[in-house]
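Q: Predicted structure and sequence below. I'll ask about it afterward.
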Amino acid sequence: MLLGIGAVVLSYLVVWSGSRLFMAEAVSQLLSAGRISVASFPSSDAPLLFVKLLDGSTLNLLLTPQRSGVLSVTIFGLLFLLLMYRLDESMWLKIAWFELGLLLGLTWSLIRLSIAIFVSYFLGVNAFPVAEFLTGPITDIFWILTVWSLMLSNLGSKRRG
């Protein structure tokens, strides 16, 4: 149990320290590949993104923990600690599933933030809050439930098998 808690804490130190800067760089590269003008600036609170939209306006984004996916992977980690470490399976297999869940959660956050920016690029600054709401925390439940279901079926099938 202590090994699992140590792995979770270590993973979160990495996620909290570098994921927002990584997310800013990844979104900047993705938008630049789509020929969308974007500038990224690190700040003391969180990275700032300035995206030049099609209508000439600028979308200013502060990559908060919610936008960068840190909040959703924190919820995933808490659920994982409270429920998954009680299963009688290999600790290394549980840690591997946890790390896969973190990776999928951060990847999904990159995708949903990019979708919201692409929508606002074509429809204007006022479309961003709507697109962020529709792709934001409401859809995070889908990746959490998907990973959770895959973990339970994999870890539970070994016991039944």
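A: Structure received.

Q: drop to CA atoms for contacts and neighbour counts, all remaining ones
A: Will do.

Q: Within the helices and strands, which one has Leu61?
A: Using DSSP states H and E, Leu61 sits within strand 58-62.

Q: so where's this structure uncertain?
A: Where the chain drops to pLDDT under 70, the residues are 1-4, 44, 85-86, 156-161.

Q: mind listing the helices for it?
A: 2-33, 65-68, 70-79, 91-123, 127-135, 137-160 (DSSP state H).

Q: Please produce TSV containing those helices, extended by mean neighbour count and distance to Ala46.
A: Shown next, in TSV, are those (neighbours: other Cα atoms under 10 Å; distance: least, Cα to Cα, whole Å):
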stretch	mean neighbour count	distance to Ala46
helix 2-33	15	7
helix 65-68	19	8
helix 70-79	19	12
helix 91-123	19	15
helix 127-135	16	18
helix 137-160	14	19
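
Q: Using JSON lines, please lay out these together with distance to Leu48.
A: Compiled in JSON lines, the helices of the chain are given as follows (distance: least, Cα to Cα, whole Å):
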{"stretch": "helix 2-33", "distance to Leu48": "8"}
{"stretch": "helix 65-68", "distance to Leu48": "12"}
{"stretch": "helix 70-79", "distance to Leu48": "16"}
{"stretch": "helix 91-123", "distance to Leu48": "13"}
{"stretch": "helix 127-135", "distance to Leu48": "15"}
{"stretch": "helix 137-160", "distance to Leu48": "20"}
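
Q: burial of Leu63, as a residue count?
A: By other Cα atoms under 10 Å, 20 other residues sit near Leu63.

Q: I'd like the numbering to begin with 26 instead of 1 from here.
A: All set: I'll call the first residue 26, so the last point we hit is now Leu88.

Q: Tell me who's in contact with it.
A: 45, 49, 71-74 (Cα atoms under 8 Å, 6 or more residues apart in numbering).

Q: Also Leu86?
A: Applying Cα under 8 Å, 6+ apart, we find Leu86 in contact with 73-75.

Q: Out of the residues you listed, which sit inside strands?
A: Within the contacts of Leu86, residues falling in strands by DSSP state E are 73-75.

Q: Thanks again, I'm all set now.
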